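Enquirer: Got a predicted structure plus its sequence, pasted below:
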Amino acid sequence: MAFLLHPGQGQHQLSVTNGYGGGTYNAGEKVHVFAKYSQENELVSGWDSNVDIGNTDGKLGLKGEWHFSFNMPASDVTLRPRLDQFPLEPKQLIDLTLKSSTGTELPVWYYIPKNPVGVVGFFHGSGGSRKFLTNPQPWYTARQLVHAGYGIFATSSQESINKVGKKRWNTKWKSFCSNNDLKNIKIVLEKFSSRGLITNETNLHAIGMSNGGVFAYTLVQAGGLGFSSGLSTCAHGDINIDPSLPFMWQMCENDSQESVARKKGNSVANYEKLLKKKIPSIHVTHPASPVYPERFTRIHGVSATTSRNLYMYMQDNGLLSEKKYIIRPETDEDLETLIGKSSDFNSLDGRQKLEFRGELFIALAEHRYFDDYSKEVIDFFKSNSNAIPTFANRSIKCFSLTSLNIIWILVVLISSILIFIGGFVYYWRHHRRQPPSQYAVSDDVVGQEIPPYIPPSSVAVAVGNSQ
């Protein structure tokens, strides 16, 4: 016989005001809560709770994460998110075009307030560009950073600019001058410095996703540009680097991306290197989470009605478990094929469809940037800002064969050749052999003193004078 347990009989009620995740749960059961807020002009600043809920999966869950999980205590819980009004839109980013280290255009977006607490660079994954910054998840992190007094910027990798290869960052670190991406970041920072946006004391931090996470690790630990600390999402970082600066990893529990899965354990190994040196570091793993009806309103332009319809479509087609976790089909293609039959999905534009897929991947704890620990990231950056001047190695000089350099090389080469020819002619004219002697030297006079050579004309004059 089955018994229905009610609160007070082994189960407890979780109520989430202005949010999602409420329901009846067993004590000790993991539960997820989500804040309801406007993506355009609101940020979560904290949560009010009627009881102590203990630890959250991100240590700052109650201090301002929009989503977190915890183990249900043996009591009823009521939670309410606190919201700050903070409108910041991508159109407020300043668009800047510089000249890259290879001579191409170098596109940059930035937003830097006066006297920033620090400046944070965002670095896209393979196939991406600076547009990564304006995706819903990194943009939420960026808004939290600006709200906390930081400046932000994003640019594109040289491969992305050139539209070649896999549009990745160059993560090689042994030679600064052979890495165009490191040189491009230097160019960006020098421009910020010349505009008075940063000083030699401004703390610099890096946030990267996937290949951009590897680049962020390289930039902080071996880039030589004075970055104080960084964050890698869904990427380990080069295992061959000997790290010496604070770093944070946020990994995805079910990441199946080939390069990440193949190197599983490297992020922990890098993390442990820092721990052994007593250098601050954090390593967190993002778990899968349930889907709620308005999850997809996080995508710019998606209404609550459309989000609820997409949620219901997933539920009606067997894509959600009883606890609302995504039931993953055998392949991602099968998932996309099934979702693609939804009229609400087909009403989305191209970017919204990509972001819908992104939200599914985050809920699956797959290979995707997530913003669930944004407050913890900011707290980490604040706690690990260098007291010494940053951007200290801005004087790094790299020789480059620009057209002007080539002209100077030719001038020097031609001048050297002309000087050599002139010297040879001078030597030949002043040190060539004297004319041969008019007198033959016979064998019987060998060893005797040879009289000086006197030209015939001089002899004739001498004879004439003697008469």
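Expert: All right, it came through fine.
Enquirer: give the contact list for the residue lying closest to T56 once chain neighbours are set aside.
Expert: With CB to CB, 6 or more residues apart in numbering as the measure, F68 is the residue that lies nearest to T56, at 4.3 Å, once sequence neighbours are left out. Heads up, the C-betas are built off the backbone N, CA and C, glycines and all. With contacts defined as CB atoms under 8 Å, 6 or more residues apart in numbering, F68 is in contact with H32, V33, T56, D57, G58, G61, L62, D372.
Enquirer: Quick check: bridge partners of F68?
Expert: Taking DSSP bridges as the rule, F68 bridges to V33.
Enquirer: For the stretch 101-250 of the chain, which segments count as strands?
Expert: 105-111, 119-123, 151-155, 204-209, 227-233, 247-252 (DSSP state E, counting those that start in this stretch).
Enquirer: List the neighbours of the second one that are in contact with it.
Expert: Contact with strand 119-123 is made by 112, 130, 132-133, 138, 142, 145, 150-155, 157, 169, 185, 188, 192, 197-198, 202-209, 212-213, 215-216, 219, 381, as judged by CB under 8 Å, 6+ apart.
Enquirer: ok, that strand: who's next to it in the sheet?
Expert: Strand 119-123 has these strand partners (DSSP bridges): strand 151-155 (parallel), strand 204-209 (parallel).
Enquirer: how far out from the middle of the chain is that strand?
Expert: 7 Å (CA atoms, centre = their mean, to the nearest Å).
Enquirer: that older thread, mean neighbour count added to the strands paired with strand 119-123, as a markdown table?
Expert: Converted to a markdown table, the strands paired with strand 119-123 look like this (neighbours: other CB atoms under 10 Å):
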| stretch | mean neighbour count |
| --- | --- |
| strand 151-155 | 26 |
| strand 204-209 | 28 |
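Enquirer: Any chance of JSON lines for the ones you listed, columns mean pLDDT and distance to F176?
Expert: As requested, the strands paired with strand 119-123 are exported to JSON lines (pLDDT from 0 to 100; distance: least, CB to CB, whole Å):
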{"stretch": "strand 151-155", "mean pLDDT": "98", "distance to F176": "17"}
{"stretch": "strand 204-209", "mean pLDDT": "97", "distance to F176": "16"}
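Enquirer: do you know which of the ones you listed lies nearest G22?
Expert: strand 204-209 (31.6 Å; CB to CB).
Enquirer: still on that earlier bit, can I get the strands paired with strand 119-123 in JSON lines including distance to G237?
Expert: Output for the strands paired with strand 119-123, formatted as JSON lines (distance: least, CB to CB, whole Å):
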{"stretch": "strand 151-155", "distance to G237": "20"}
{"stretch": "strand 204-209", "distance to G237": "9"}
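Enquirer: Which residue ranges make up the domains of the chain?
Expert: 1-84, 90-289+365-383, 399-429 (automatic domain parsing).
Enquirer: quick one: average pLDDT of the shortest one?
Expert: Taken as a whole, domain 399-429 has an average pLDDT of 69.
Enquirer: Quick one: closest of the strands of the stretch 101-250 of the chain to Y20.
Expert: strand 247-252 (21.4 Å).
Enquirer: now the closest one and strand 204-209, what's the angle there?
Expert: Angle of strand 247-252 versus strand 204-209, following axes from the mean of the first three to the mean of the last three CA atoms, to 10 degrees, is 20 degrees.
Enquirer: What lies in contact with the helix or strand that strand 247-252 is followed by?
Expert: Going down the chain from strand 247-252, the next helix or strand is helix 258-262, by DSSP states H and E. The contact list for helix 258-262 (CB under 8 Å, 6+ apart) reads S210, C234, A235, H236, C252, D255, H367.
Enquirer: tell me which residues form a beta bridge with the fifth one?
Expert: Okay, so that is C252. With DSSP bridges as the rule, C252 is bridged to H286.
Enquirer: Please name the residues that touch it.
Expert: Counting by CB under 8 Å, 6+ apart, C252 has contacts T233, C234, V260, T285, H286, A365, E366, H367, R368, F370.
Enquirer: one step back: so for K323, which of the strands paired with strand 119-123 sits nearest?
Expert: Closest among the strands paired with strand 119-123, using CB to CB: strand 204-209, at 28.2 Å.
Enquirer: Name the residues that touch that closest one?
Expert: Under CB under 8 Å, 6+ apart, the answer for strand 204-209 is 118-125, 128, 132, 138, 141, 150, 169, 189, 198, 214-217, 219-220, 225-235, 369, 377, 381, 390-391.
Enquirer: That strand vs strand 227-233, what angle?
Expert: Using the same axes, to 10 degrees: strand 204-209 against strand 227-233 is 10 degrees.
Enquirer: any idea how far the closest residue in space to E294 that isn't next to it in sequence is from G127?
Expert: Spatial nearest neighbour of E294, excluding adjacent residues (CB to CB, 6+ apart): S307 at 5.0 Å. As judged by CB to CB, to the nearest Å, S307 and G127 stand 27 Å apart.
Enquirer: taking the mean pLDDT, what do you get for the helix or strand V377 falls within?
Expert: Here V377, judged by DSSP H and E, is contained in helix 374-383. Average pLDDT, helix 374-383: 96.
Enquirer: contacts for it?
Expert: 58-60, 63-66, 117-118, 120, 140-141, 144-145, 148, 150, 203, 205, 207, 228-229, 231, 246, 248, 250, 280, 282, 284.
Enquirer: Now list the buried members of those.
Expert: The neighbour count (16 or more other CB atoms under 10 Å) marks 58-60, 63-66, 117-118, 120, 140-141, 144-145, 148, 150, 203, 205, 207, 228-229, 231, 246, 248, 250, 282 as buried among the contacts of helix 374-383.
Enquirer: S193 - how many residues pack around it?
Expert: S193 is flanked by 15 other residues according to other CB atoms under 10 Å.
Enquirer: Let the chain start at 464 from now.
Expert: Yes, from this point I'll number from 464; that puts the last item at S656.
Enquirer: returning to that earlier point: which stretch among the domains of the chain is buried most, on average?
Expert: domain 553-752+828-846 (a mean of 20; mean count of other CB atoms under 10 Å).
Enquirer: Could you work out the end-to-end span of it for me?
Expert: 28 Å (CA to CA, to the nearest Å).
Enquirer: how far is that domain from where the chain is centred?
Expert: So, by CA atoms, centre = their mean, the centroid of domain 553-752+828-846 is 3 Å from its chain's centroid.
Enquirer: likewise stretch 499-515?
Expert: 28 Å.
Enquirer: likewise stretch 760-770?
Expert: Using CA atoms, centre = their mean, the offset of stretch 760-770 from its chain centre is 28 Å.
Enquirer: Which parts of it count as buried, going by neighbours?
Expert: T760, R761, I762, H763, V765, T769, S770.
Enquirer: of all these, which comes closest to A490?
Expert: R761 (30.8 Å).
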